[in-house]
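Chemist: the following comprises the amino acid sequence and a computationally predicted model.
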Amino acid sequence: MSGRRDGVSTDAAQNGPAGTVPAAAIVARPLGALIALPLRLLDAPMRALQRTIGERRMPYVFLAPNAAFFGVFVFLPIAINLWFSVTGGPALFLSERPYVGAGQYGYLFECGSFLDPNSCREDHFWRGVANTAKFTLFQVVAMVAFSLITAVVLNMKIRARGFFRAVYFFPVLLSPVVVALIWKWILQRDGLLNAAITSLGGQKILFFVDPGWAMFWAVLVSVWAHMGFYTLILLAGLQAIPADLYEAAEMDATPRWRVFRRITLPMLWPNMVVVIVLALIKGVQTFDEVFVLTGGGPGTATLMVVQYIYETAFSNQVQNFGLAAAASCVLGVVLFGLTLAQLAASRRRAT
Amino acid sequence: MKIAAFLTRRRVAGRRIHWTDIVAYGYLAVGVVVMFGPVLWLVLSSFKTPAGLLEFPPSLLPMAQVEVTVPGQPQPLPLFRTTLPDGQVRDLVQLRRVGIVAQMADPKDPTQTFRVPIDKREPVRAFAMATGNYTEPLARFDFLRFLWNSIFVTVVATAITLLINSMAAYALSIYEFPGKGFAILTVIGTLMIPITIILVPVYLVVTELRLVNSLWAVILPGAATPTGVFLLRQYMLTLPRDLIEAARMDKASEWQIYWRIVMPLTMPALAVLAIFSVMWRWNEFLWPLAVLTKTESYTLQIGLNAFQGELQTQWHYLLAMTVMTLLPIALVFVFLQRFIATGIGNTGMK
Amino acid sequence: MADLKLVGITKSYGGLAVIHGIDLAVRDGEFVVFVGPSGCGKSTLLRIIAGLEEVTGGDILIDGVSVTRLPASDRGLAMVFQSYALYPHMSVRKNMGFALENMRLPVAEIASRVERAASMLQLTPYLERKPKALSGGQRQRVAIGRAIVRDPKIFLFDEPLSNLDAELRVATRKELAALHAEIGSTMIYVTHDQVEAMTLADRIVVLRAGRIEQTGTPLDLYNRPANLFVAGFIGSPRMNTLPATVVTAGPDGGMMLAGREIAAAVPDTLKPGDAVTLGIRPEHLATVIPGDAGRSQASDLTVTVDLAEQLGSETYLYAQTADGNPVTIRQAGQITITRGNRIDLLIQRDALHVFNSAGLRVAQSATETLG
């Protein structure tokens, strides 16, 4: 055939998405080599299977392992959870648990007044609910505020943007236990923060003895640990706003504040909704950071719902699985509602 | 400051510096201190001796009292800057201490001794890393065991997750088959259900499977992540259908199409999922806490939490262990930071 | 190498039928081109042959053996895709060898086959490159090479030239023809471009809306289009179609065309008063030099020129008749005619196509009916 066009042409466009991310190669190569061997060994049996059941039934084969795991560790547990929540007694095995109907729920919801946890039979649960609500509210507000500011700043024409982005993102990767220990160390009685306060002439503050301070730091530490994640979502949204909008505004000599209010915020709103809902979901699920940081204390000042569930089921003297299951069903309903909101938000973002 | 000058240097010459630019750099500077500071403080503190940790106000760098070997003394002796009764200031070693009075000696001439009240002297300190904080727990606790457990859990769970999630994503993106819609719905419906909600029943399932206190109890329940299926499927949907059909014409079996064509082309998404999975597994806390009750099956996070309880007064070990725990993930971050950030920015998940 | 037989192929998506009973026999070594406008079902038909689409009804036979229920991988066919569908993560060598690996051929055999195909396609220097690093034409050849190494029973091409620029398309077209001559395999080729169809095909299958309109050699189709659709689809610029009325039938008959009676052979099957459509290819219209004596008697048609396209070697005149029907005239050489000029035309009688009111060709003579 003709050799006229044998030079590499400039139109050598991407023939598919491979190789678009160079960093992928670092992970991909050794990983690929490792994975390839067992996959190759499966060639023959899989071909035989395909011969037997036909090409059209192969997707079920591919779906099967994941579905099996899903069934055993997600769907079955959801079903069991429902059963647990309507049975009583300390036994773990279903057959040994007497049916109590809505008894566990009734016990959970037995309250003099829903606004006062102390008036409830299971006051710890309601303190958990109240604390979680308080925590989530403050956390979402602070999270949105800080990540929005950070994203906007990172989206400006600043130097060393990659470095600063990394700085804010770094804590996201730390484990909750590590995060909590870092801050526990800083906030302790003779810690760095108290040293700073006394050097400025103040008095040492016992952060973990005062309920208000304990909640304050629980919220702040959580924001510190996770804001990088939300910042990235907002940053992606900011970068998706077409530059010509800003250029047009600049041509009209629009003041920066007006540009922010009239262009940036409305265009960013879908991502904001995602951030808010995700922060809500994560807030409601909060457990480990606060648990390690404050242990739920002082008293029950920072006891969260999830900690209540965990302790009711696993670390109390009497393990009350039924009550824990009922509480987690309640939590599940809340989270399901939030998930629906998240999906609706993502869909709006996509369109 | 040079750095400030560098940071404020305009990329585009002639653009006026708006006040918002100054505020922005101020915010970023504070950000660096607030975000990096605590971690740096942790690392610095982890090299302090127990005595150094108890100091208030704390010193910035790990310092330790200088000790000098003096002829005629079996042990190295601590060095003090001493104000002698005659007002002379000299560096002396402490031979012994009785009540509030210490017997001091000149390190160069130990025969020359002084009796000094202890408030008339200050320890001579120098920068010193208490590496014992790291080496001693390795000997005293089963730290290596926990480390191994964490690595095992992370690697095996990530491998399983990548395999079964990509298989499911492949089925849900490349094929049309009855029940596909339902399968996609269940994936999406469970995206946000955390293991917290079903802690008790999963515990029951794991008990029935006789897996309690086995690392498999940590690995298996979270292996089929809906997030992973979702992410990979979104990516696979962008692959040209022609490639799949070309492979079919090339006599590839469906399994070969999966691992020889689709998997390599999905590498960027697989890498993102791999990083996420490593992060999830390495940092996982609640579930291992519930299901691992024997010390020998602890992962690092659980071990660390246990230390936290046991070592309330031994911060020097605890801080060192904390550094050890965050180190691997920090290394991952340093090398793959940009990549992780893009991945999260584009997928909106972690 | 093989022959292919399609028997009553139908295909519908849900309730929507897209292929309505196709019967076709392709001989061993034949180059058959499916041509038709987009949406005519030509690609679907090719994919049905390939095994990438399931049939709703009918049977596909290769060498007399039904392959209707066989998956694509077992039919022994090779396909060149419009997008080339090269595996982006594999080198050219791997791309071409992939199918052979799947056939579990020995490594040495794979290497020699790949190298033979590569040298035939002048791809040898690029064997270790990834598709990304190749030009459009090179990728195209890799896609063909991937088919060649398989030594398939039948080659299937799905608009393989549509992603190339015009110049390269012409060159590759010639190379494909040469390739067919060289390896002599059965080839089925889908295109919407009638020039490709005319130049490449041993036999053209014209499809419209899931039905075969006509099958024949390129010149068959050009000279004796079976209906108005084929007449309009084959040939460029497209055939002029003008309404006319039969005045008298027979070899010395006459028809009314644009208000003027012209003498022409009218098939006996037509009766006086029948409405027909006349098909006249642009090159079968001749301009009568203005100023010739008695021009109004000599000319068959008078038109007003809207536009003249000067191509240098020839000139296309776009004009309309007095009753507003468009007419295209192809004249050799360079003619200077400007917009608004009225010109007289002569119709080459033996190239006149007559279509009845249903749009079907009315045979001029008994001999043609047989042909």
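Modeler: It's in.

Chemist: is whatever helix or strand B:I275 lives in anywhere near chain A?
Modeler: B:I275 belongs to helix B:267-283 when elements are defined using DSSP states H and E. Yes. On the criterion CB under 8 Å from any CB of the partner chain, helix B:267-283 is in touch with chain A at B:M267, B:P268, B:L270, B:A271, B:A274, B:I275, B:M279, B:W282, B:N283. Where C-beta positions appear, they are placed from N, C-alpha and C, glycine not excepted.

Chemist: gap between the fifth one and B:M104?
Modeler: B:A274 sits 61 Å away from B:M104, going by CB to CB, to the nearest Å.

Chemist: mind pulling up the pLDDT for the residue of chain B most remote from its centre?
Modeler: The C-alpha centroid of chain B is most remote from B:D86, which lies 53.8 Å away (CA atoms, centre = their mean). On pLDDT, B:D86 comes in at 79.

Chemist: from B:R115, how far out is it?
Modeler: Taking CB to CB, one finds B:D86 at 13 Å from B:R115.

Chemist: okay, and for the stretch 251-350 of chain B, where does confidence drop off?
Modeler: For the stretch 251-350 of chain B, applying pLDDT under 70 flags the ranges B:310-313, B:337-350.

Chemist: what residues does it have near chain C?
Modeler: Selection of the stretch 251-350 of chain B residues close to chain C by CB under 8 Å from any CB yields B:K251, B:A252, B:S253, B:Q256, B:R260, B:I261, B:P264, B:L265.

Chemist: in helices, which of those fall?
Modeler: B:Q256, B:P264, B:L265 (DSSP state H).

Chemist: between those, which has the most around it?
Modeler: Neighbour tally across those (other CB atoms under 10 Å in any protein chain shown): the maximum, 25 neighbours, falls on B:Q256.

Chemist: can you list the residues of chain C near chain B?
Modeler: So chain C meets chain B at C:47, C:50-52, C:71-74, C:77-79, C:81-89, C:98-99, C:102-103, C:146, C:150 (CB under 8 Å from any CB).

Chemist: quick one: the helices in the stretch 151-300 of chain A?
Modeler: With DSSP state H, counting those that start in this stretch as the criterion, the stretch 151-300 of chain A has helices at A:161-169, A:176-187, A:192-199, A:211-240, A:243-251, A:256-259, A:265-285, A:288-294.

Chemist: make JSON lines out of these and add distance to B:T299, mean neighbour count and mean pLDDT.
Modeler: JSON lines is the format used below for those (distance: least, CB to CB, whole Å; neighbours: other CB atoms under 10 Å in any protein chain shown; pLDDT from 0 to 100):
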{"stretch": "helix A:161-169", "distance to B:T299": "24", "mean neighbour count": "19", "mean pLDDT": "83"}
{"stretch": "helix A:176-187", "distance to B:T299": "10", "mean neighbour count": "25", "mean pLDDT": "87"}
{"stretch": "helix A:192-199", "distance to B:T299": "29", "mean neighbour count": "15", "mean pLDDT": "86"}
{"stretch": "helix A:211-240", "distance to B:T299": "19", "mean neighbour count": "22", "mean pLDDT": "89"}
{"stretch": "helix A:243-251", "distance to B:T299": "47", "mean neighbour count": "12", "mean pLDDT": "81"}
{"stretch": "helix A:256-259", "distance to B:T299": "49", "mean neighbour count": "13", "mean pLDDT": "81"}
{"stretch": "helix A:265-285", "distance to B:T299": "20", "mean neighbour count": "20", "mean pLDDT": "84"}
{"stretch": "helix A:288-294", "distance to B:T299": "13", "mean neighbour count": "25", "mean pLDDT": "87"}
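
Chemist: which one, of those, ends up nearest to C:S185?
Modeler: Comparison of the helices of the stretch 151-300 of chain A against C:S185 by CB to CB identifies helix A:211-240 as nearest, at 50.3 Å.

Chemist: the closest one vs helix A:192-199, what angle?
Modeler: 110 degrees (axes from the mean of the first three to the mean of the last three CA atoms, to 10 degrees).

Chemist: domain assignment for the chain?
Modeler: Going with chain A. Taking automatic domain parsing as the reference, chain A has its domains at A:38-80, A:124-350.

Chemist: ah, I was thinking of chain B
Modeler: Domain assignment for chain B by automatic domain parsing gives B:2-45, B:63-127, B:134-347.

Chemist: and the helix or strand where B:A51 lies, how far from the chain's centre?
Modeler: Here B:A51 sits within helix B:50-54, counting by DSSP H and E. Put simply, helix B:50-54 sits 23 Å off its chain's centre (CA atoms, centre = their mean, to the nearest Å).

Chemist: partners of the helix or strand following it, with directions?
Modeler: Beyond helix B:50-54 on the C-terminal side, the first helix or strand identified by DSSP H and E is strand B:63-65. In the sheet, strand B:63-65 lines up against strand B:125-127 (antiparallel) (DSSP bridges).

Chemist: which parts of the partner strand are buried?
Modeler: By neighbour count on 16 or more other CB atoms under 10 Å in any protein chain shown, the buried set for strand B:125-127 is B:R125.

Chemist: and for that strand, what are the contacting residues?
Modeler: For strand B:125-127, the surrounding residues in contact (CB atoms under 8 Å, 6 or more residues apart in numbering or on different chains) are B:S59, B:L61, B:P62, B:M63, B:A64, B:Q65, B:V66.

Chemist: list of residues touching whichever helix or strand comes after that strand?
Modeler: Downstream of strand B:125-127, the next assigned helix or strand under DSSP H and E is helix B:132-140. If you take CB under 8 Å, 6+ apart as the criterion, helix B:132-140 is touched by B:S46, B:F47, B:K48, B:F143, B:L144, B:H316, B:Y317, B:L319, B:A320, B:M321, B:V323, B:M324.

Chemist: roughly how far does the fourth one sit from chain A?
Modeler: I take that to be B:F143. Applying CB to the nearest CB, to the nearest Å, the value for B:F143 to chain A is 15 Å.

Chemist: give me the buried stretch members for the longest helix along chain C, please.
Modeler: Using DSSP H to define each element, chain C has its longest helix at helix C:166-183. Neighbour-count burial for helix C:166-183, counted by 16+ other CB under 10 Å, picks out C:L168, C:R169, C:A171, C:T172, C:R173, C:E175, C:L176, C:L179, C:H180.

Chemist: need those in CSV with pLDDT, can you?
Modeler: Supplementary listing: these in CSV, determined by pLDDT from 0 to 100:
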residue, pLDDT
C:L168, 88
C:R169, 90
C:A171, 89
C:T172, 89
C:R173, 91
C:E175, 89
C:L176, 91
C:L179, 90
C:H180, 92
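
Chemist: find the nearest non-adjacent residue to C:E30, please.
Modeler: In space, C:E30 comes closest to C:D202 once its chain neighbours are excluded; the distance is 5.0 Å by CB to CB, 6 or more residues apart in numbering or on different chains.

Chemist: got the contact list for the one helix or strand C:T199 maps to?
Modeler: In the assignment (DSSP H and E), C:T199 maps to helix C:194-200. Residues outside helix C:194-200 that contact it (CB under 8 Å, 6+ apart) are C:31, C:33, C:35, C:161, C:169, C:173, C:176-177, C:180, C:189, C:191, C:204, C:218, C:222, C:233-236.

Chemist: picking up where we left off before, elements contacting the helix holding B:A51?
Modeler: Here helix B:50-54 touches strand B:63-65, helix B:315-347, going by 3 or more CB pairs under 8 Å, 6 or more residues apart in numbering or on different chains; DSSP states H and E.
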